[in-house]
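K.L.:
Following is a predicted model, sequence given first.
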Amino acid sequence: MDDVFRALADTSRRRLLDRLRTRNGQTLRELCKGLAMSRQAVSKHLAVLEAARLVTSVRGGREKFHYLDPAPIRELSERWIGQYESGGPDRPARWKRSLEEKPLMDKAEFVYEIYIETTPERLYEALTDAEFAQRYFGGWGPRSDWRVGSPVLWKMGPEGAYEDLGQAVIEAVPGRKLAYTWHRLQPMHRQLFDSEEEFESARTEQSQVAFDILPADPASLGVKLTITHDGFESAESEMLKGVSDGWVMILSTLKTLVEREAR
């Protein structure tokens, strides 16, 4: 964990992580663009980030692609921040402050790609196994028989029960694609809004999420998973802002768990 603290202490390294968060899978040449640093300096910073497991790299042909892995940051947060942070009712307020500090996205959708060293069949199983899903959702997550039209029950927290929040399976093709509707804003999100009228208006929005699974090119990368969460009313959707950061952390944890079990 000391390696993570040291890696994050440098402004240039944090900037590189921000770039990979914006677009994962960049080459050294792409990461150097617009930075007041030499190629050698960027390489050294990337080496530090890789040593801290914040970045992984995969060689494809002549290029080396770099991928953000925020799992160590999540572990750091749980170990050093979570235990000192009071939970409960004020959590939505903290989420609201966090969201307001970030720039708005320019599209009413969230699209993210990640490469996982596994098979399409195992990845699909990981997406649909309720017990396994709780591990990378942090105690939350879906449960369904995954037949088109069937309800997708949602577990709202480690101690919560599975609830029917109006979600349903849209498409389910083992080893290829999974899609389902997303739940609407819940009472816990009320503090994100200035008025009851704004909150009730926002609650009419129902988005959907799709996971597309394809063999990676080159094959040594395993599987390419593309998540598309869309159907939001605007780029300023509070739900869109909330799920965008959440999905990056969730899928990175999924990658870690699936690849770890294969070793």
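P.N.:
It's in. Numbers count the residues shown, from 1 in each chain.
K.L.:
C-alpha only now, for contacts and for neighbours.
P.N.:
Fine.
K.L.:
neighbours around the closest residue to P72 other than its chain neighbours, how many?
P.N.:
Nearest residue to P72 in three dimensions, chain neighbours excluded: L54, at 6.5 Å (CA to CA, 6 or more residues apart in numbering). A count of nearby residues for L54, using other CA atoms under 10 Å, gives 21.
K.L.:
I'd say L54 and H66 touch.
P.N.:
No - L54 is not in contact with H66 according to CA atoms under 8 Å; the separation is 10.2 Å.
K.L.:
What is the lengthiest helix in the chain packed up against?
P.N.:
If you go by DSSP state H, the chain has its longest helix at helix 238-262. Packing partners of helix 238-262 (3 or more CA pairs under 8 Å, 6 or more residues apart in numbering; DSSP states H and E): helix 71-76, strand 110-116, helix 130-137.
K.L.:
quick one: the strands in the protein?
P.N.:
Assigned by DSSP state E, the strands in the chain fall at 55-60, 63-68, 110-116, 141-143, 151-155, 162-173, 177-181, 208-215, 223-230.
K.L.:
can the ones you listed go into a markdown table with extra columns for mean neighbour count, mean pLDDT and distance to L16?
P.N.:
Supplementary listing: the strands of the chain in a markdown table, determined by neighbours: other CA atoms under 10 Å; pLDDT from 0 to 100; distance: least, CA to CA, whole Å:
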| stretch | mean neighbour count | mean pLDDT | distance to L16 |
| --- | --- | --- | --- |
| strand 55-60 | 16 | 77 | 10 |
| strand 63-68 | 18 | 84 | 9 |
| strand 110-116 | 20 | 88 | 17 |
| strand 141-143 | 22 | 95 | 31 |
| strand 151-155 | 22 | 94 | 35 |
| strand 162-173 | 18 | 95 | 36 |
| strand 177-181 | 21 | 97 | 31 |
| strand 208-215 | 20 | 95 | 27 |
| strand 223-230 | 21 | 92 | 22 |
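K.L.:
Make TSV out of those and add distance to D10.
P.N.:
Below are these laid out as TSV (distance: least, CA to CA, whole Å):
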stretch	distance to D10
strand 55-60	15
strand 63-68	16
strand 110-116	25
strand 141-143	35
strand 151-155	38
strand 162-173	42
strand 177-181	39
strand 208-215	34
strand 223-230	31
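K.L.:
So which of these is nearest P187?
P.N.:
Nearest to P187 among these is strand 162-173; the distance by CA to CA comes to 12.0 Å.
K.L.:
So what's the gap between the closest one and the chain middle?
P.N.:
Its chain's C-alpha centre and that of strand 162-173 lie 19 Å apart, by CA atoms, centre = their mean, to the nearest Å.
K.L.:
what's the angle between it and strand 151-155?
P.N.:
130 degrees (axes from the mean of the first three to the mean of the last three CA atoms, to 10 degrees).
K.L.:
Any idea how many residues pack against L20?
P.N.:
18.
K.L.:
Do I have it right that D69 meets L54?
P.N.:
Yes - using CA under 8 Å, D69 makes contact with L54 at a distance of 5.0 Å.
K.L.:
Export the helices and strands packed on helix 238-262 as JSON lines, with columns for distance to A210.
P.N.:
JSON lines is the format used below for the helices and strands packed on helix 238-262 (distance: least, CA to CA, whole Å):
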{"stretch": "helix 71-76", "distance to A210": "22"}
{"stretch": "strand 110-116", "distance to A210": "10"}
{"stretch": "helix 130-137", "distance to A210": "16"}
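K.L.:
picking up where we left off before, pLDDT on the longest helix of the chain, on average?
P.N.:
On average, the pLDDT along helix 238-262 is 84.
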